[in-house]
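Asker: Using only what follows, build the 3D model:
(chains A and B)
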Amino acid sequence: MTGYWFLDHLWLVPLLPFIGFIVTGLFLGSSARRTSAWTAIAAVGLSAVCGWGAAFEYFSEFNGEALVTFEFPWIEFSSSLTGNAGILADRISILLVLVVTTISFLIHVYSQGYMHGDRGYRRFFAFMNLFTFSMLGLVLSSSILEIFVFWELVGLSSFLLIGFYWERPAAVAACKKAFIVTRFADLGFLIGLLVLSYHAGSFDFRELNSPDTINHLAGITAPFFGCSILTLSALLVFAGAAGKSAMFPLHIWLPDAMEGPTPVSALIHAATMVVAGVYLVARLFPMFSATTAGIDLVMWTGAFTCLFAALIAITQVDIKRVLAFSTLSQIGYMMLALGVASMDESLGYTASMFHLTTHACFKALLFLCAGSVIHAVHSNDVRDMGGLRKKMPITHFTFLIACLAIAGVPPLSGFFSKDEILAAALHSGEYAVFAIAATAAGLTAFYMFRIYLLTFWNAPQDKQRYDQAHESPLSMTFPLVVLAVPSALLGIVPFSDFVHISELEHHATNWMVVGVSTTLGLCGIALAFLFYFKPNQWPARFAFAFSGIYKLVFRKFYIDELYIFITHKIIFRSISRPLNWFDRHIIDGFMDLTAQSARRLGAWLRKTATGGAQVYLLWSIAGAGVTMLALHILGAGIVVVALSGVGAAAVTVFIFQFTLQLLNKSEPLKRIEID
Amino acid sequence: MGLLSLIVSIPFIALLVILSIPAKYSDRIKWIALIATFIDLCLSVLLVIGYLGKIGFSGALPSPGVALNLEYVEKIAWLEPLGIEYFMGVDGISVLMIFLTAVVIFCGVCASWNHAHRTKEFFAFLLLLVTGVFGVFAANDLFLFFLFYELSVLPMYLLIGIWGTGPKEYSAMKLTLMLMGGSALIIVGILVLYFQSGASTFSFSEIAQAGIPESTQYWLFPVMFIGFGTLGGLWPFHTWSPDGHSSAPTAVSMLHAGVLMKLGGYGCLKTIYLMPHGAMMWATFFMVLTTVNIFYGALVAIQKTDLKYITAYSSVSHCGLVLFGLCALNWTAFQGAMVQMFAHGLMTALFFALVGMIYKRTHTRLISEMSGLLKVMPFLGVSYMIGGLAGLGLPGLAGFIAEIQVFVGAFSDASISHRIMVILAAASVVTTAVYILRALTRMLYGPMQNPEHEKIKDATFVEKVPLALLVFLLALAGIFPGWMIRMIAYSLTPIFSNLEHASLLTQM
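Answerer: Numbers count the residues shown, from 1 in each chain, chains lettered A, B, ... in the order given. Below is the predicted model of the structure:
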């Protein structure tokens, strides 16, 4: 107990959306459209109020302490190991609470207009509440077991919402893919959790992050991997984080996830859920930073994804997919920022959290603007748009702000956070990573302005769609305007005063970094203007000139095809199908054969039962005689002889029956009739 | 008459009443069956609450002994010269199983409400079957145990053979023969236990205390474990399950997969209790088999297109986890195995109930012939989804509590081979997700292709009751597992003191 109302009642923050979910999902009829929307909005709104209240109390009174304000034993594994569930308040969890509740609230308001007229209106709001609940539970978790629970629940909400239009085959395929790919990654997380629970003897984050535990784990060598248990568990947990944050090579589900409604893409697949992986690494940062292999993997995965996704984004024509690849690239930034940080030199850690926050604002804004455009022209394809600035002034203006922010143009929010990441990379001495990040910054500016210009400038491509286009209703434009404010101004907040893991040395502004990133960003923008401001032949010519590379990039480096090959050809065809055959024909065949042999034996023996009393008498006398004789000669060995005789007979019948079976002359057992 | 005898005898009394009613009053027969099972359900809830009251709702567990901590004991001498008693009594695990049985049979009766063919005989056999199942979980005398066990296996043959679908005679025969094969091993085991313990009693705890000679344990353990394992779906003795379950009528599949397969796990636990030395010697061997169970069941289920086969193979995989947890010979894994018995009982009953209801509407069980059904039957669809999610171990539903405990427990054995098996078993969570999502999305999602299906009506009230009850319990056990774990933990102490005692002896 802290004596502060909002902090003591922090459990209300996740609980309120859960109540919203239960009420809209179970107790309201599907005709109660308005009621369900307002219930959901109210639930998240109240949760946001509690979140802001708690943040205010926390940052003014408890800056830095990790408080567990509520805890109870959830699963008692044994007398020494208990899985607790609790609410943990520290710098990053409170920060994420602010991000999640605020953005979720705005997107709920937006959806109220966007989903208007949709059949599954109530279902949509119920699922959105479920997601908000799970995400808040995730960020406030006090133990790794608890975070795993909510980890799976956000996966479920993501599955349900991607498959929201469940009558569309593409949406069905996408939701299945998202669930299974992340599930596969979660297997790593699960095994990591098992390793940690055994070696650290606890699930609690405070315990896991304590220097004692880390030293203890670093001291044990993992069998047959040659690394320490600390490294092993960090790598395993990172597998889960990479899956959820769609890092290469587990990124394939995120672009397809755009099949969900646009507010879902904005909330789940841009602003909140996909950064859960970053959050998990940050949550276990003391553990990760103590292992070189672990933290390097985080860095290189982030750096690679950052560049790789930015390249693909250049070639895509679906506005939401461009944004999805952009999300991948930006999360790559966050990961690489964590990767270059260490406990002593933690600028990257702060930069990562900072970029997470600014990215949540401007990427949510970009998606909501895209939704507004899609709402107007009923198409996702930028080739159907063009010239929309006059039709949709508010959307155009806010989209421009977000584009400038993500492109890192000063003094918008993205400039500050991206700059901090670049500075962190440079200071840590990872020059290659710095180069990658800087290149990706230029590419980001280019692809963002590409879609901006194609959508709002250029010439209208589709006359009919253009004529129908109109600005969206107030419920949709209001969140756009509200989100545009932090997207533009968040950089001014002295973020590092609030969120840091160790004392930060104050570096003087590195003008070289500022110069490089701004120049590259402006170059990207200029190039985009050259190509896409007015209709011209340049993009097509370039695509033609580099047709080989263009196709490779456009097909997303054929990673999807590789996955399909592995799942369909190898797992389904080469493992599962033979096993199925094996089960039916070998194992079950053996059982059938046993039964048939018994029948065969019975059929033979029946022939001896002729009903003639003399024959029976003859048999018994002969039998008794043989037994006596054998007993006389063999003594007690008769038991062995008799048993082996019976066994030999059984085997003979069995083999006989099996031969019949092979020759296909056996009468199938399935025809046995019951009298 | 004690509470346990009451629970066991109510279905039997209802059976007698049903037999005395002419077959044409099928409505009355159904109502009698429903009321009887409902009373049993209420009594079993009382039993759970009463038992929790006895061990305390929270705080430390009361001091455990070496003998089973039995409550609600009833003991009447029966065949005195042989030391056979009518000995009823429950520990926490049997309380949980009795509760599960009561839930599943009540839901099964609701789910077969529209049963039209030979209603009287059907319900009579069903009640006879459930009498046996209740008896098994309440009995503490090996002889009585076996008697009830056979009582529950036999009606199955008729229920499947007469009221089944598809190649029902074949399936019924196969199921009965294989399970009888298992019983033959068990009866041999029981007789050996009786004579070898020297206690001239059939009582579990007395035999356990008297102890079985180590040399006997080494050969007898696998005999009994396979005997019970056959019923529990142990690979490679599982093949009766897919055929049997898919041919059986809805209520029978529910009861069989939901409860009877649990008898296998329950029996295996008792086997470990009685023969700790044998268990320690054979654990690794059976662990390999059960790992195959888990992984193999899930992989084969990916290939199946018949809903009942998918459910049956998922049962093979999930029941494999029960036996896997037992083979880990670890406290936490035991807890997980017992929770898995409860969780799997609920979810598989839910699945089979739903498959029956869906089949009644679509006249097919092949997922390739269904699509977009969520549109016309949202209630059934959502229930199926929740069942599926419980199956793939989604946190918040009972399956997860079981899985995580089994894995955490089994992982704490430091040997590499053990851990590889745990990792393999844990990897099945992915394959499970694949087959469950495949069935679920094919059947419920996508555009509706068969125009006939447009006319389908959603669940009626009688159908909603069992589904809602099962879903509620899955969520209850998944969100608040404490009461369950408490009951189980209290009953594991004698088994563990036996195991620890045995391992101390081995070390000496």
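Asker: Distance from stretch B:318-332 to the middle of the chain?
Answerer: Mean C-alpha position of stretch B:318-332 versus that of the full chain (CA atoms, centre = their mean, to the nearest Å) differs by 14 Å.
Asker: Then stretch B:224-239?
Answerer: 13 Å.
Asker: how long is that stretch end to end?
Answerer: Using CA to CA, to the nearest Å, one end of stretch B:224-239 lies 19 Å from the other.
Asker: do the same with stretch B:470-487
Answerer: Start-to-end, stretch B:470-487 (CA to CA) is 20 Å.
Asker: do stretch A:484-503 as well
Answerer: Where stretch A:484-503 begins and where it ends lie 31 Å apart, using CA to CA.
Asker: In the stretch 101-250 of chain B, where is pLDDT below threshold?
Answerer: B:199 (pLDDT under 70).
Asker: and it, which of its residues are near chain A?
Answerer: Contact residues (CB under 8 Å from any CB of the partner chain) of the stretch 101-250 of chain B with chain A: B:161, B:167, B:169-170, B:172-174, B:177-178, B:236, B:239-240, B:243. C-beta coordinates here come from the backbone N, C-alpha and C atoms, glycine included.
Asker: can you redo those residues as JSON lines with secondary structure?
Answerer: Below are those laid out as JSON lines (DSSP: H, G, I helix; E, B strand; the rest coil):
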{"residue": "B:161", "secondary structure": "helix"}
{"residue": "B:167", "secondary structure": "coil"}
{"residue": "B:169", "secondary structure": "helix"}
{"residue": "B:170", "secondary structure": "helix"}
{"residue": "B:172", "secondary structure": "helix"}
{"residue": "B:173", "secondary structure": "helix"}
{"residue": "B:174", "secondary structure": "helix"}
{"residue": "B:177", "secondary structure": "helix"}
{"residue": "B:178", "secondary structure": "helix"}
{"residue": "B:236", "secondary structure": "coil"}
{"residue": "B:239", "secondary structure": "coil"}
{"residue": "B:240", "secondary structure": "helix"}
{"residue": "B:243", "secondary structure": "helix"}
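Asker: Please identify which pair of those residues lies farthest apart.
Answerer: Distances among those were taken as CB to CB; the most separated pair is B:161 and B:236, at 24.7 Å.
Asker: Looking at the two, which one has more neighbours?
Answerer: Set residue B:161 next to residue B:236 and count neighbours by other CB atoms under 10 Å in any protein chain shown: residue B:161 wins out with 19 against 15.
Asker: Contact partners for the closest residue to that one other than its chain neighbours?
Answerer: The shortest distance from residue B:161 to any non-neighbouring residue, by CB to CB, 6 or more residues apart in numbering or on different chains, is to residue B:172 (3.8 Å). Contacts for residue B:172 were tallied using CB atoms under 8 Å, 6 or more residues apart in numbering or on different chains; they are A:674, B:156, B:157, B:158, B:160, B:161, B:164, B:244, B:247.
Asker: which stretch of helix or strand covers the third one?
Answerer: Using DSSP states H and E, residue B:157 sits in helix B:142-163.
Asker: which of the residues in that helix are buried?
Answerer: For helix B:142-163, burial by neighbour count (16 or more other CB atoms under 10 Å in any protein chain shown) applies to B:142-146, B:148-163.
Asker: So what's the gap between stretch B:379-392 and the chain middle?
Answerer: Here stretch B:379-392 is found 19 Å from its chain centre; the criterion is CA atoms, centre = their mean.
Asker: got any ranges where the stretch 401-508 of chain B has weak pLDDT?
Answerer: B:505-508.
Asker: which bits of it sit near chain A?
Answerer: Residues of the stretch 401-508 of chain B lying near chain A (CB under 8 Å from any CB): B:401, B:404-405, B:407-409, B:411-412, B:416, B:422-423, B:426-427, B:429-430, B:433-434, B:437-438, B:441, B:444-448, B:481-482, B:485-486, B:489.
Asker: Name the residue of the stretch 251-400 of chain A with the shortest distance to chain B.
Answerer: The nearest approach of the stretch 251-400 of chain A to chain B comes at residue A:259, 11.9 Å away (CB to the nearest CB).
Asker: Check that residue and give its pLDDT.
Answerer: As predicted, residue A:259 sits at a pLDDT of 86.
Asker: Tell me how far it lies from residue A:181.
Answerer: 14 Å (CB to CB, to the nearest Å).
Asker: if I read this right, residue A:334 contacts residue A:275, doesn't it?
Answerer: Yes. Applying CB atoms under 8 Å, one finds residue A:334 in contact with residue A:275, separated by 6.8 Å.
Asker: Which neighbours do those two have in common?
Answerer: A:356, A:359.
Asker: Of the two, give the one with the bigger neighbour count.
Answerer: For residue A:334 and residue A:275, the more surrounded residue by other CB under 10 Å is residue A:275, and the numbers stand at 31 against 28.
Asker: The closest residue to that one other than its chain neighbours in helix, strand or coil?
Answerer: Sequence neighbours aside, residue A:356 is the residue nearest to residue A:275 in space, at 5.2 Å (criterion: CB to CB, 6+ apart). Reduced to three states with three-state DSSP, the structure at residue A:356 is helix.
Asker: For residue A:356, give me its contacts.
Answerer: A:99, A:275, A:278, A:279, A:334.
Asker: now the contacts of residue B:172 in JSON lines, with distance to residue B:501?
Answerer: JSON lines is the format used below for the contacts of residue B:172 (distance: CB to CB, whole Å):
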{"residue": "A:674", "distance to residue B:501": "49"}
{"residue": "B:156", "distance to residue B:501": "38"}
{"residue": "B:157", "distance to residue B:501": "41"}
{"residue": "B:158", "distance to residue B:501": "44"}
{"residue": "B:160", "distance to residue B:501": "43"}
{"residue": "B:161", "distance to residue B:501": "46"}
{"residue": "B:164", "distance to residue B:501": "47"}
{"residue": "B:244", "distance to residue B:501": "39"}
{"residue": "B:247", "distance to residue B:501": "45"}
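Asker: Check the residues you listed and tell me the two furthest apart.
Answerer: Maximum distance among the contacts of residue B:172 (CB to CB): 14.8 Å, for A:674 and B:244.
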